[in-house]
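K.L.:
Need coordinates for the following:
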Amino acid sequence: MKTKKFLVTNNKYLYLLILLILLGILLTVSQTLKTKSSITNISSKAAGEESKDIIFDSGTNYGQTNLSIGIAIPNNIDDTLAQNITNLYDGKNIYLKIANPDTGLLDSSNFRMLTSRNYSWYFLFSQNNNVTSFLTSYFQKYDKEAVVELATFDASLIQDLKIRFTKTKFHTSNFLFWPRDAVKNVLSQVSPPKLEAISFRTEKNGLGDVFADIKLMFDTFYDASKDIPGNSGIKINYPANTILSLSGISVNTDIPKSVAYQAGLIYSTIVSSVQSQGRNGQAPIRYMIVNDYSAKTQQEKYLIKYFAEFLTYQPQIVWPMAIPENGDPYDNAFFPQSNTKPVIGVIGKITNGYFIIFSNISDTDIFANLEQDLGLANYKFYSTIRGSGNFSTSSKQIKILPYETIFASLNLDNLSPAPTLTPTSTQPSLTPTVTNTPLTATPTNRPSSTPTPTSTPTNTPTPYPTTGPARLPKVEPSPYPQGP
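P.N.:
The predicted model follows:
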């Protein structure tokens, strides 16, 4: 009996021991899973608190970019400036804009060198007195096409000059913003092919709500390209083959907001150009020039460099949703592809994958979550704040700092060091205005009706979604005086 009782007692302890061991294992596993879950939740929460989904279909494109970018430089091209230009922009199809050039410029060694390296020239004349003599001297020395912008409109002069200088493309009239009445008057007197483009410019002195400021300029470009009357009631009725030139982007405000703002204006130009190209009665922007290059920070110079690289590829735009009727490409509640504020940018499809450009127009870090796995670990990155590096947090996610712009592609050219955050010289007040420019600026109020394209684009995009309203029925007040 004692032996049997002993065995029973021992079995009881053995069972208890096994139970305790199993309980310990369960507790350990549970704690491990809980810890792992907590880490996952923390990570997801960190990304989820400030993140935006970037949705695009690799089989859909909205059109091919066909746009030239340029920089405004001084009349006197010194060695330092010439070296800086060639270091950053060789092979990038850059226009070099010079205001009121004199004939002495044509004999300078740096002008000859830049011409030989296939930089294109964009000459602005505030007054028309010296245009003929300058072009005569230019074509005596060079056989290279040039763009000439006449700030003082003269229809007869443009027609005469076009006959004499057939390799010149003429633009007019360097308008501030978008005065529809003045634009209509110009095109009633001279039109393509004698006049290639209507030129206009933007100025910004200080920034408040950067996203709102960018959105206002997108509205201006969109309305200008698509000939939307707004509150003015003036429809221009573009002659065939009319194009636009955004011949001066000027901004004088704090870094890094000014860098993000300029990026936003370039995105706006790219998107509105794709939306309007090849459509009867519309005039896409084909040129954009950034003013005051000599006063730009290193950040701004590299910003232009990588946008120029993007445009050199002439990529197919796959994001944002650049359908012709989308007047809100980043703040459109009806289209998830266009509801990404404060993340703005473009994604272009190129031969070797995608070229991504994102900006964060906010005061906090944000994550851009790509719907598709592009294998971002293999991409090369450049940041206007952090320089070169890989700023992806996964194969589908990029972290963007406040007011940072990030460029990413598989073969990003000539990765550069981290930019300095101070200007290379004192920021100017703004590029001097021409005395004849009308200051009645763009009515950017947007009608609720949807402009309907009347022809098929030259670069026919793949089909796009048709659900939802074609354009948000919003009317936004303009800070500028309204046209008549």
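
K.L.:
Give me the distance between the two termini of stretch 244-262.
P.N.:
18 Å (Cα to Cα, to the nearest Å).

K.L.:
Next, the buried residues of that stretch.
P.N.:
Buried residues in stretch 244-262, counted by 16 or more other Cβ atoms under 10 Å: 244-253, 255-262. To be clear about C-beta, it is placed using only N, CA and C from the backbone, and glycine gets the same treatment.

K.L.:
Likewise for stretch 178-193?
P.N.:
Those would be 178-180, 182-184, 186-187, 190, 192, for stretch 178-193 by 16+ other Cβ under 10 Å.

K.L.:
quick one: low-confidence ranges for the chain?
P.N.:
1-49, 414-484 (pLDDT under 70).

K.L.:
residues touching the most centrally placed residue in it, list them.
P.N.:
Among the residues of the chain, the one closest to the centroid is Tyr267, at 2.2 Å (Cα atoms, centre = their mean). Counting by Cβ atoms under 8 Å, 6 or more residues apart in numbering, Tyr267 touches 214, 344-346, 357, 359.

K.L.:
Scan those residues and report the most crowded one.
P.N.:
Counting neighbours by other Cβ atoms under 10 Å, Ser359 comes out on top of those with 30 neighbours.

K.L.:
so that one, which of the three states?
P.N.:
strand (DSSP: H, G, I helix; E, B strand; the rest coil).

K.L.:
Look at Ser362 and say how many residues are nearby.
P.N.:
Neighbour count of Ser362, defined by other Cβ under 10 Å: 18.

K.L.:
any idea how far Val183 is from it?
P.N.:
Ser362 sits 35 Å away from Val183, going by Cβ to Cβ, to the nearest Å.

K.L.:
how much distance is there from the helix or strand where Ile71 lies to the middle of the chain?
P.N.:
Per DSSP states H and E: Ile71 is located in strand 68-72. Offset of strand 68-72 from its chain centre (Cα atoms, centre = their mean, to the nearest Å): 13 Å.

K.L.:
Show me what that strand packs onto, helices and strands only.
P.N.:
strand 95-99, strand 120-125, strand 285-290, helix 298-312 (3 or more Cβ pairs under 8 Å, 6 or more residues apart in numbering; DSSP states H and E).

K.L.:
from what I can see Ser276 touches Gln282, true?
P.N.:
Yes: counting by Cβ atoms under 8 Å, Ser276 touches Gln282, with 4.2 Å between them.

K.L.:
Looking at the two, which is more packed in?
P.N.:
Ser276 (28 against 25).

K.L.:
quick one: that one and Ala263, what's the gap?
P.N.:
Ser276 is 21 Å from Ala263, by Cβ to Cβ.

K.L.:
before we move on, what about Gly104?
P.N.:
Using Cβ to Cβ, Gly104 is found at 36 Å from Ala263.

K.L.:
So between these two, which is more surrounded?
P.N.:
Neighbours were counted for Gly104 and for Ala263 using other Cβ under 10 Å; Ala263 has more, 29 against 11.

K.L.:
ok, now which ones touch the more buried one?
P.N.:
303, 307, 344-345, 357, 359, 384, 405.

K.L.:
what do you get for Ser137?
P.N.:
103, 106.

K.L.:
Give the helix, strand or coil label for it.
P.N.:
helix.

K.L.:
so how far is Val210 from Pro284?
P.N.:
For Pro284, the distance to Val210 - Cβ to Cβ - is 25 Å.

K.L.:
got it, and Ile289?
P.N.:
Ile289 is 21 Å from Val210, by Cβ to Cβ.

K.L.:
Show me which of these two is the more surrounded one.
P.N.:
Between Ile289 and Val210, counted using other Cβ under 10 Å, Ile289 has the larger neighbour count: 26 against 21.

K.L.:
Next, the buried residues of stretch 213-232.
P.N.:
For stretch 213-232, by 16+ other Cβ under 10 Å, it's 213-228, 230, 232.

K.L.:
Quick check: Ile292 vs Ile304, distance?
P.N.:
In this structure residue 292 is Asp, not Ile. For Asp292, the distance to Ile304 - Cβ to Cβ - is 12 Å.

K.L.:
Please read the previous query as pertaining to Gln316.
P.N.:
From Gln316 to Ile304 the distance is 22 Å (Cβ to Cβ).

K.L.:
and if you look at Pro324?
P.N.:
28 Å.

K.L.:
Looking at those two now, which is surrounded by more residues?
P.N.:
Set Pro324 next to Ile304 and count neighbours by other Cβ under 10 Å: Pro324 wins out with 25 against 22.

K.L.:
I'd guessed the more buried one sits against Ser272; true?
P.N.:
No: assessed by Cβ under 8 Å, Pro324 is found out of contact with Ser272, at 10.0 Å.

K.L.:
Based on its surroundings, how many neighbours for Pro315?
P.N.:
Count around Pro315 with other Cβ under 10 Å applied: 21.

K.L.:
Excluding chain neighbours, give the residue nearest to it in space.
P.N.:
Gly348 (2.6 Å; Cβ to Cβ, 6 or more residues apart in numbering).

K.L.:
my read is that neighbour is in a helix, agree?
P.N.:
No: according to three-state DSSP, Gly348 belongs to no helix; its state is strand.

K.L.:
beta partners for Phe367?
P.N.:
Ser51, Lys399 (DSSP bridges).

K.L.:
count of neighbours near it?
P.N.:
20.

K.L.:
follow-up on the earlier one: between Pro324 and Ser272, which contacts overlap?
P.N.:
Contacts common to Pro324 and Ser272, judged by Cβ under 8 Å, 6+ apart, are absent.

K.L.:
need the helices for this structure, in chain order.
P.N.:
2-49, 79-89, 109-116, 131-141, 155-164, 180-189, 210-226, 257-276, 298-312 (DSSP state H).

K.L.:
what about the strands in the stretch 301-450 of the chain?
P.N.:
316-319, 343-350, 353-360, 366-370, 380-383, 387-389, 392-394, 397-400, 405-409 (DSSP state E, counting those that start in this stretch).

K.L.:
Next, format those as TSV and append distance to Leu67.
P.N.:
Listed next are these as TSV, based on distance: least, Cβ to Cβ, whole Å:
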stretch	distance to Leu67
strand 316-319	11
strand 343-350	11
strand 353-360	14
strand 366-370	23
strand 380-383	20
strand 387-389	26
strand 392-394	27
strand 397-400	24
strand 405-409	16
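
K.L.:
out of those, which comes closest to Ser109?
P.N.:
strand 380-383 (31.6 Å; Cβ to Cβ).

K.L.:
Pairing partners for the closest one, with directions?
P.N.:
strand 387-389 (antiparallel), strand 405-409 (antiparallel).

K.L.:
quick one: contacts of that strand?
P.N.:
302, 306, 388-392, 401, 404-412, 415-416.

K.L.:
coming back round to it: run a quick check on the residue nearest to Pro315 versus Phe310, I expect a contact.
P.N.:
Yes: judged on Cβ under 8 Å, Gly348 makes contact with Phe310 at a distance of 6.3 Å.

K.L.:
Mutual contacts of those two, please.
P.N.:
65, 355.

K.L.:
Looking at the two, which has the bigger crowd around it?
P.N.:
For Gly348 versus Phe310, neighbours defined as other Cβ under 10 Å are more numerous around Phe310 (25 against 22).

K.L.:
Skipping its backbone neighbours, what lies nearest that one in space?
P.N.:
Phe355 (5.4 Å).

K.L.:
The one you found and Thr132, how far apart?
P.N.:
42 Å.

K.L.:
Tyr302 now?
P.N.:
Applying Cβ to Cβ to Tyr302 and Thr132 gives a distance of 39 Å.
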